[in-house]
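Q: Provided below for reference: sequence and predicted model.
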Amino acid sequence: MGNRAGDCTLLLVRHGETVWNAEGRVQGQRNSPLSERGREQSRLVADRLARQRVSAIYSSDLGRARETADIIAAPHQLTVTTAAALRERSFGVLEGQTLDEAARTQGIWFLPWQADRLSTSPPGGERQPEMCQRVMEALRAIARAHPGETVIIVTHGGPIKSAIYEILRIPLALWSLTWVANGSLTTVQGTEDVLRIACLNDTCHLRTAQARPDEMGD
């Protein structure tokens, strides 16, 4: 089924690989710069989308997403609009650590959280449903503001997976069974009331710049 008149097309891009992605560190809402691979991924996404007729470009306000968005925005000569609602989930005290480091240094909450990452949160962190709610509210607001237009949204693995699971009505208990790649493209179409997945985790433009899956996906 093709795009319907009045539908907004949301091109969801996961930011390029970061130094912490490559090191297996939890990023959450802390910043880590793009790696050289991540900048190359961002350039390849920019090439892929350069001929798209784009009305606006939105980004998470975290540095890795904004850096990716600026690279993608250059061919379109558009100003990037940042939004805190598009941020990755906050992982509180875990941010900056690998999970192996956290297992050695964190308190008695860590093992129960490992067994149930969705409904519980690390100290100072955010629960999964809370992130899903704010992300979907942001996506619906963007769709409402851009009827019949194409919009690029640069965000993170968690927010993109939130959109996929919400739109396809997949239980969050199956969260660990999917992965959204750095530099991937997921296309969502529709209105604020009815959104549909048109393309999922497309990485054909990345060629040799693809990275290994990262466990936390942030």
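A: Cool, got the structure. All figures in this text were calculated on a predicted structure; none of them were measured in a lab. Residues are numbered from 1 along each chain as shown.

Q: pull the longest helix from the chain.
A: With DSSP state H setting the assignment, residue counts place helix 128-145 as the longest helix in the chain.

Q: Show me what that one is packed against.
A: Packed against helix 128-145, as judged by 3 or more CB pairs under 8 Å, 6 or more residues apart in numbering; DSSP states H and E, are the following elements: strand 8-14, strand 150-155, helix 157-168, strand 195-202. From N, CA and C alone the C-beta is placed, and that goes for glycine too.

Q: Please pull up the helix or strand immediately following the third one.
A: Read in the C-terminal direction, the helix or strand following helix 157-168 is strand 185-190, with elements assigned using DSSP states H and E.

Q: Can you give the distance of that following strand from its chain's centre?
A: Taking the mean of its C-alpha atoms, strand 185-190 sits 13 Å from the chain's own mean (CA atoms, centre = their mean, to the nearest Å).

Q: repeat for stretch 70-85
A: 15 Å.

Q: how about it as CSV, C-alpha atoms only?
A: The C-alpha atoms that make up stretch 70-85 are tabulated as CSV, following Å, rounded to 0.1, in the frame of the first residue of the first chain:
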residue,chain,number,x,y,z
ASP,A,70,24.1,18.3,10.7
ILE,A,71,25.9,16.1,8.2
ILE,A,72,22.5,14.9,6.8
ALA,A,73,21.1,18.4,6.7
ALA,A,74,23.9,20.0,4.7
PRO,A,75,22.7,18.9,1.2
HIS,A,76,19.2,20.2,2.0
GLN,A,77,20.4,23.6,3.4
LEU,A,78,17.9,23.1,6.3
THR,A,79,18.4,24.1,9.9
VAL,A,80,18.1,21.2,12.3
THR,A,81,15.4,21.5,15.0
THR,A,82,16.4,19.7,18.2
ALA,A,83,14.1,18.1,20.7
ALA,A,84,14.8,16.6,24.1
ALA,A,85,11.8,14.3,23.7
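
Q: what about the residue sitting furthest away from the middle of the chain, which helix or strand?
A: In terms of distance from the mean C-alpha position of the chain, Ile108 ranks first, at 29.9 Å (CA atoms, centre = their mean). Remark: Ile108 resides in no helix or strand, with elements defined by DSSP H and E.

Q: what about it, distance to Ala163?
A: Taking CB to CB, to the nearest Å as the criterion, Ile108 is separated from Ala163 by 34 Å.

Q: Is it correct that Gln97 is in contact with Phe110?
A: No: the criterion here is CB atoms under 8 Å, and Gln97 misses it with Phe110 at 10.5 Å.
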